[in-house]
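**Student:** sequence and computational prediction follow.
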Amino acid sequence: MNIKKHILPIIVIAQFFCTSLWFAGNGVITDLVSVYQLDTAALGNLTAAVQFGFIVGTLLFALFTITDRFSPSKVFFVCALLGSLFNLGLIWEQNNLNTLLFFRFLTGFFLAGIYPVGMKIATDYYEKGLGKSLSFLVGALVLGTALPHLLKATSSVFLWKPVLYTTSTLAFIGGFLVFLLIPNGPFRKKASKLDISICFKIFKNNKFRQAAFGYFGHMWELYAFWTFVPVFLKIYSNLHKNTDFNSSLIAFFIIGIGSLACVLGGFISEKLGLKRTAFLSLLFSGFCCLLLPFAFMSKNEYFFITFLLFWGMVVIADSPLFSTLVAKNTVSENKGTALTIVNSIGFFMTIISIQLINLLFKNYNSNYIFLFLAIGPIAGIFILKKKYEHKN
């Protein structure tokens, strides 16, 4: 079937624009702390609020099979519009921690209609080469996540509101592009009725279940790493007083380089296979978790930054591969729900890991607390290794 060439680029651009909402709060966190007089725990709490909103959103979207019963493009547009509006709530002058958490929660809630729905749209258009298509899509998510750090790095220290104006505008444009230019895909099979039990039935498939649990292990590490990248850089600067670098700009590159890794991972998986490539990515990122406390000791700042850049690549390269395995092991009419429920559980894992590290960081003055990030990759490696032993 001949798919119009503009479809994938439009989905990728829209995903990039809309997911810039995700870490918009993190990109201006120092300003939020100063303007609204927040404490140092705000970073973890604001990030967790987005994740919690996303979890609640994806859970409701999955239970009510929203993306399988309604046009994914329309769902994407509505959620992009509402997400962009609540993102702007951060600039309200009467904000306090509770209202900021509320606005970040709602932003996360409507991101549930953007990220997994974007993947659902891709599965409706691409059966062959789905892994490569999703690698571009997740790569766009990564760039969108990193964008607020770049905007902050290139703005005056006092100009934090334009970061929020920009990300909200981009999200609206992205949603409108999908609504205007992406009709329902040729491989879309509309679910005939509401069936809440689908969320449970899909886990009876062993291949689906193992792909999902591998994804959960990956998610334990991913968002905690992204959240604490600025913290890693600050810790290094405090340990090595002669260090002088633009933390926001470096954070952008550390997170953003993962977009390249996603694309490379998609191509590599065509040679090595989806599971083997995901296994190697988890293995390398697990090693990075274990080596971080020792990397802090290096007096060479370029070595430390290179280490984080490498980690930024391997920590995300397996994400589109797991999503592809999930989609391939689900019947067509349930793919939207499957992707959404797996995202929901995966992001629940991110709240636990972020809050755990945040709590330990607040109460213990030790860089070894970050070793807890390795729990996810180790669990994922065990699951995938077990899968290799029962070769399919």
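**Tutor:** Done, it's in. Numbers count the residues shown, from 1 in each chain.

**Student:** can you list the residues that contact stretch 273-281?
**Tutor:** Stretch 273-281 is touched from outside by 131, 214, 218, 265, 268-269, 272, 314-315, 317-318, 321-322, 324-325, 380-381, 384-385, 387-388, with contacts defined as C-beta atoms under 8 Å, 6 or more residues apart in numbering. All C-beta atoms are positioned from the backbone trio N, CA, C, and that covers glycine.

**Student:** and the helix or strand harbouring A122, how far out from the chain middle?
**Tutor:** A122 is part of helix 115-125 when elements are defined by DSSP states H and E. Here the centre of helix 115-125 is set off from its chain's centre by 15 Å, with C-alpha atoms, centre = their mean, to the nearest Å.

**Student:** which neighbouring elements make contact with it?
**Tutor:** helix 7-18, helix 42-63, helix 66-69, helix 72-87, helix 130-153, helix 319-328, helix 335-363 (3 or more C-beta pairs under 8 Å, 6 or more residues apart in numbering; DSSP states H and E).

**Student:** turn those helices into JSON lines, columns for mean neighbour count.
**Tutor:** Formatted as JSON lines, the helices and strands packed on helix 115-125 follow (neighbours: other C-beta atoms under 10 Å):
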{"stretch": "helix 7-18", "mean neighbour count": "23"}
{"stretch": "helix 42-63", "mean neighbour count": "23"}
{"stretch": "helix 66-69", "mean neighbour count": "24"}
{"stretch": "helix 72-87", "mean neighbour count": "23"}
{"stretch": "helix 130-153", "mean neighbour count": "25"}
{"stretch": "helix 319-328", "mean neighbour count": "26"}
{"stretch": "helix 335-363", "mean neighbour count": "22"}
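
**Student:** need those in TSV (columns: distance to Q210).
**Tutor:** Below are the helices and strands packed on helix 115-125 laid out as TSV (distance: least, C-beta to C-beta, whole Å):
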stretch	distance to Q210
helix 7-18	26
helix 42-63	19
helix 66-69	23
helix 72-87	26
helix 130-153	17
helix 319-328	8
helix 335-363	12
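
**Student:** minimum distance to L101: which of those has it?
**Tutor:** With respect to L101, and counting by C-beta to C-beta, the nearest of those is helix 42-63 at 4.4 Å.

**Student:** before we move on, what SS does the residue of the chain most remote from its centre have?
**Tutor:** Relative to the centre of the chain, the most outlying C-alpha is that of N242, 33.3 Å out, by C-alpha atoms, centre = their mean. Secondary structure, DSSP: H, G, I helix; E, B strand; the rest coil: N242 is coil.

**Student:** and it, backbone torsions?
**Tutor:** phi -80, psi 0 (degrees, to the nearest 10).

**Student:** could you check which helix or strand contains the residue lying closest to L81 once chain neighbours are set aside?
**Tutor:** Nearest residue to L81, sequence neighbours excluded (C-beta to C-beta, 6 or more residues apart in numbering): G175, at 5.7 Å. In the assignment (DSSP H and E), G175 maps to helix 161-181.

**Student:** look through the chain and tell me its longest helix.
**Tutor:** Counting by DSSP state H, the longest helix found in the chain is helix 206-239.

**Student:** where does pLDDT dip in the stretch 151-300 of the chain?
**Tutor:** Residues of the stretch 151-300 of the chain that meet the criterion pLDDT under 70 lie in 155-158, 190-197.

**Student:** how far away is the closest residue to C262 other than its chain neighbours from D124?
**Tutor:** Nearest non-adjacent residue to C262, counting by C-beta to C-beta, 6+ apart: G139, 3.8 Å away. Counting by C-beta to C-beta, to the nearest Å, the gap from G139 to D124 is 19 Å.

**Student:** run through the residues that contact the residue nearest to A224 when sequence neighbours are not counted.
**Tutor:** Nearest residue to A224, sequence neighbours excluded (C-beta to C-beta, 6+ apart): S353, at 4.3 Å. By C-beta under 8 Å, 6+ apart, S353 lies in contact with W220, E221, Y223, A224, F372, L373, I375, G376.

**Student:** looking at those, which is nearest T65?
**Tutor:** Closest to T65, out of all of the contacts of S353 and judged by C-beta to C-beta, is Y223, at 25.8 Å.

**Student:** how much space separates the residue lying closest to the closest one once chain neighbours are set aside from S323?
**Tutor:** Leaving aside its sequence neighbours, Y223 sits nearest to T350 (C-beta to C-beta, 6+ apart; 3.9 Å). T350 is 15 Å from S323, where distance means C-beta to C-beta.
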